[in-house]
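Asker: Any chance you could fold what I've pasted below:
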Amino acid sequence: MRILVIGRGGREHAIIWALKKSESVSRIYCAPGNAGIAKMAECVPIPESNFEELRQFAIDIGVDLVVVGPEDPLFEGIVDYFEEKRIPVFGPNKRAAIIEGSKVFTKELLAKYKIPTAEYRSFENYDEALDYLHKQKIPIVIKADGLAAGKGVTVAQSMEEAEQALKAMMVDKEFGEAGRKVVIEEFLSGQEMSILAFVDGNVVRPMVAAQDHKPVYDHDEGPNTGGMGTYSPVPHIPQSVYDQAVEQILKPAAEAMVQEDRPFRGVLYAGLMITEDGPKTIEFNCRFGDPETQVVLPRLKTDLADIFVATVNGRLQDMDIQWSDEAAVCVVLASGGYPGPYAKGIPIYGLDEVRESVVFHAGTEFKDGQVVTNGGRLLGVTGIGRTIAEARDKAYADAAKIRYEGRHYRTDIAQKALIAAAGRSDS
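Answerer: Below you'll find the predicted structure:
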């Protein structure tokens, strides 16, 4: 089977890494890929936004399956474009991808079907939004309605910060059309958890849980990013809470999309907050999360290609998906200055010194035979072990071997899990 993976990040590298294990996969192509992906697949210099050229390439080489990684092409309708030519493609169509593409749509969907989430109001008028904001408690959450590369959300700790975020979105147009509408949302406190699921209409097959770290600095300080690291499992959140989230959030959301004539087929990602009142929905994404994929797929025992094919062919209900009991911890290495401005083209050294971990490339490229920086988040170093502690030790030991000017990474990834484990052992 020949597979074309569309994307260039750590998520796509992890997908390809998992697909390489499949005996049914003979060739993998990636458009456009990155420096790490190039060692596992044939990279094709076609951007994710060039639907026509991507489709023609798929036809020319006779691919058996297309896998779409990033959210932007999904929201723009790339799946519909391939399906017009009867090319099998894994991912939601444009009507279903709106569950990530519009936060206003999603909040209205959750409210209509009584799926647990935070209280909210949505606005298109800046003055009305500002007036409402001034009547709310702090902290509060300000969200741009559309896609903003994981950065269109501000958890404001002061009214001044909230006002600045609102102005940046609606007046200064910092996120373009994505900020034309905004959601002002009640702040939820508790533990965050991510649950991804393979979905085919009403059929939901949840993956193992993970916990992401969005802020750029230790102790969850600084601006939000696309994700600075993650780990799986999440041992301090009980299985009963995970089951509750699946039954009260993921399954009802999939059913709601069917009822709205927007049946979802692909990976549905639920970003959750575990509150005193139980799990509540922070957001939905219409694809594999990044960096959650880098710790979830290493724990997958079932053939990923088989799952993709079964989903596309409407046979997901027949799949018995198995997961490893091992733990995985991913530490993201970022460019200096990220999520603000950062330099590109900086040489990266030490990759050949990594021994215990898997390194998933994100914002990298080859230049004159050297791997160099080409983005904000550069690498995801994933350690795998019998416990969170063992996996974490491997990831940090190998992250320290990778060197480049301006290197930045958080030093507290999975610390919450270790603290919780220590508390249990003391009791």
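
Asker: Could you list every helix and strand in contact with the helix or strand where Thr382 lies?
Answerer: When elements are assigned from DSSP states H and E, Thr382 belongs to strand 377-385. Identification of packing neighbours for strand 377-385 by 3 or more CB pairs under 8 Å, 6 or more residues apart in numbering; DSSP states H and E yields helix 10-19, helix 293-296, strand 327-334, strand 357-361, helix 388-399. The way it works is simple: take the backbone N, C-alpha and C, and place the C-beta from them, glycine included.

Asker: Redo the ones you listed as CSV? Include mean neighbour count.
Answerer: Putting the helices and strands packed on strand 377-385 into CSV (neighbours: other CB atoms under 10 Å) gives the following:
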stretch, mean neighbour count
helix 10-19, 27
helix 293-296, 30
strand 327-334, 29
strand 357-361, 25
helix 388-399, 21
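
Asker: a markdown table please, covering the ones you listed and showing mean pLDDT.
Answerer: Written out in a markdown table, the entries for the helices and strands packed on strand 377-385 read as follows (pLDDT from 0 to 100):
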| stretch | mean pLDDT |
| --- | --- |
| helix 10-19 | 98 |
| helix 293-296 | 98 |
| strand 327-334 | 98 |
| strand 357-361 | 98 |
| helix 388-399 | 98 |
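
Asker: Out of these, flag the one nearest Phe175.
Answerer: Phe175 lies closest, by CB to CB, to one member of the helices and strands packed on strand 377-385: strand 327-334, at 20.2 Å.

Asker: Find out how far that closest one is from the centre of the chain, if you would.
Answerer: Using CA atoms, centre = their mean, to the nearest Å, the distance from the centre of strand 327-334 to the centre of the chain it belongs to is 13 Å.

Asker: orientation of that strand relative to helix 10-19 in degrees?
Answerer: 140 degrees (axes from the mean of the first three to the mean of the last three CA atoms, to 10 degrees).

Asker: Quick one: residues contacting Val296.
Answerer: When contacts are counted by CB atoms under 8 Å, 6 or more residues apart in numbering, Val296 touches 196, 207-208, 210, 232, 328.

Asker: among the helices and strands packed on strand 377-385, which is nearest Lys114?
Answerer: Taking CB to CB, helix 293-296 is the member of the helices and strands packed on strand 377-385 nearest to Lys114, at 28.3 Å.

Asker: okay, the helix or strand that comes right after the closest one in CSV with CA atoms only?
Answerer: Sequence-wise, the next helix or strand beyond helix 293-296 is helix 304-312, with elements assigned using DSSP H and E. Backbone C-alpha positions of helix 304-312 (Å, rounded to 0.1, in the frame of the first residue of the first chain) are rendered in CSV as follows:
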residue,chain,number,x,y,z
LEU,A,304,-2.1,2.3,12.3
ALA,A,305,-2.5,1.7,8.6
ASP,A,306,-5.3,-0.9,9.3
ILE,A,307,-7.1,1.7,11.5
PHE,A,308,-6.9,4.3,8.8
VAL,A,309,-8.2,2.0,6.1
ALA,A,310,-11.0,0.7,8.4
THR,A,311,-12.1,4.2,9.2
VAL,A,312,-12.1,5.3,5.6
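
Asker: Point out the other elements, helices or strands, that helix 304-312 touches.
Answerer: helix 10-19, strand 65-68, strand 89-90, strand 191-200, strand 265-275.

Asker: And that helix, what's buried?
Answerer: 304-305, 307-312 (16 or more other CB atoms under 10 Å).

Asker: Which one of those is nearest to Gln136?
Answerer: Taking CB to CB as the measure, Gln136 lies nearest Thr311 of the buried residues of helix 304-312, at 40.8 Å.

Asker: How about the contacts made by the closest one?
Answerer: Contacts for Thr311 (CB under 8 Å, 6+ apart) come out as 90, 198-200, 265-266.

Asker: can you count the residues close to the closest residue to Asn93 other than its chain neighbours?
Answerer: In space, Asn93 comes closest to Val79 once its chain neighbours are excluded; the distance is 4.6 Å by CB to CB, 6 or more residues apart in numbering. Residues within reach of Val79, counting by other CB atoms under 10 Å, total 24.

Asker: what about Val79, which helix or strand?
Answerer: Short version: Val79 belongs to helix 78-83, going by DSSP H and E.

Asker: List the contacts of that helix.
Answerer: By CB under 8 Å, 6+ apart, the residues outside helix 78-83 that reach it are 6, 48, 51, 54-55, 58, 66, 68, 89, 91-94, 97.

Asker: how about a cut-off of 10 Å?
Answerer: 4, 6, 48-49, 51-52, 54-55, 58-59, 63, 66, 68, 70, 72-74, 77, 87-97, 265-266, 312 (CB atoms under 10 Å, 6 or more residues apart in numbering).

Asker: out of these, which are buried?
Answerer: Burial of the contacts of helix 78-83 was assessed by neighbour count (16+ other CB under 10 Å); the buried members are 4, 6, 48, 51, 54-55, 58, 63, 66, 68, 70, 72-74, 87-97, 265-266, 312.

Asker: What's the mean pLDDT across the helix holding Val79?
Answerer: Per-residue pLDDT values across helix 78-83 average out to 98.

Asker: CA atoms of it as CSV?
Answerer: Output in CSV follows, covering the C-alpha atoms of helix 78-83 (Å, rounded to 0.1, in the frame of the first residue of the first chain):
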residue,chain,number,x,y,z
ILE,A,78,-8.9,19.1,1.1
VAL,A,79,-10.8,15.9,1.9
ASP,A,80,-13.7,16.9,-0.3
TYR,A,81,-11.2,17.7,-3.0
PHE,A,82,-9.6,14.2,-3.0
GLU,A,83,-13.0,12.5,-2.6
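
Asker: That helix: which residues count as buried?
Answerer: Of the residues in helix 78-83, 78-82 count as buried by neighbour count, 16+ other CB under 10 Å.

Asker: how about the helices in the protein?
Answerer: Remark: helices of the chain, listed N- to C-terminal, are 10-19, 51-61, 71-75, 78-83, 94-101, 103-112, 126-133, 159-170, 239-245, 251-259, 293-296, 304-312, 388-399, 415-426; assignment by DSSP state H.

Asker: Looking at those helices, which is nearest to Lys214?
Answerer: Checking those against Lys214 by CB to CB gives helix 415-426 as the closest, at 13.4 Å.

Asker: Tell me where the chain is predicted with low confidence.
Answerer: Across the chain, the ranges flagged by pLDDT under 70 are 149-150, 423-427.

Asker: Residue ranges of each domain in it, please.
Answerer: The record's domain parsing of the chain by automatic domain parsing lists 2-94, 119-186.

Asker: Would you tell me which one of these is buried the most?
Answerer: The highest average neighbour count among those, using mean count of other CB atoms under 10 Å, belongs to domain 2-94 at a mean of 20.
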